[in-house]
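> missing the sequence, but the structure's below:
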């Protein structure tokens, strides 16, 4: 589990546009989170947890149709002020990222590619 904490630290350093990152279990447990200190907080911890639970439920709904279209890999939602990304780490955990709208999500996803990022390999996270 400490590997997840280390991963979030590496992730936050990798892109200054990332405002917040978290790893949650699919049963809604917020395992680790990292918030950039030099940005204005948009949501309280309680609001963040509520939104993460809604995102988890949406993810589970997507997973219900995996037999027809495959497993969900990631989801990107773009708002006027921020972008939010949800990325499958493995069959039991999701990575959540909130970032400024200055970033191109395609480039961001390339950097976070779970199979290729060296930081993941260095700290021993596995993917499915």
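Perfect, thanks for sending it. From a predicted model like this one, the values you see are computed outputs, not experimental measurements.

> quick check: residue 63 vs residue 71, distance?
7 Å (CB to CB, to the nearest Å). All C-beta spots, glycine's among them, are computed from the backbone N, C-alpha and C.

> actually residue 15, not the one I typed
25 Å.

> can you tell me the helix or strand for residue 61?
helix 45-63 (DSSP states H and E).

> what secondary structure does the residue lying closest to residue 85 once chain neighbours are set aside sit in?
Excluding the flanking residues, the one nearest residue 85 by CB to CB, 6 or more residues apart in numbering is residue 97, at 4.4 Å. State at residue 97, reduced to three classes by DSSP: H, G, I helix; E, B strand; the rest coil: strand.

> beta-bridge partners for residue 97, please?
Beta bridges link residue 97 to residue 21, residue 85, judged by DSSP bridges.

> so it touches residue 21, yeah?
Yes - counting by CB atoms under 8 Å, residue 97 does reach residue 21; the two are 5.1 Å apart.

> next, show the common contact partners of those two.
Shared contacts of residue 97 and residue 21 (CB atoms under 8 Å, 6 or more residues apart in numbering): residue 11.

> higher neighbour count, the two?
residue 97 (27 against 23; other CB atoms under 10 Å).

> so for the chain, which residue is the most central one in space?
residue 96 (2.2 Å; CA atoms, centre = their mean).
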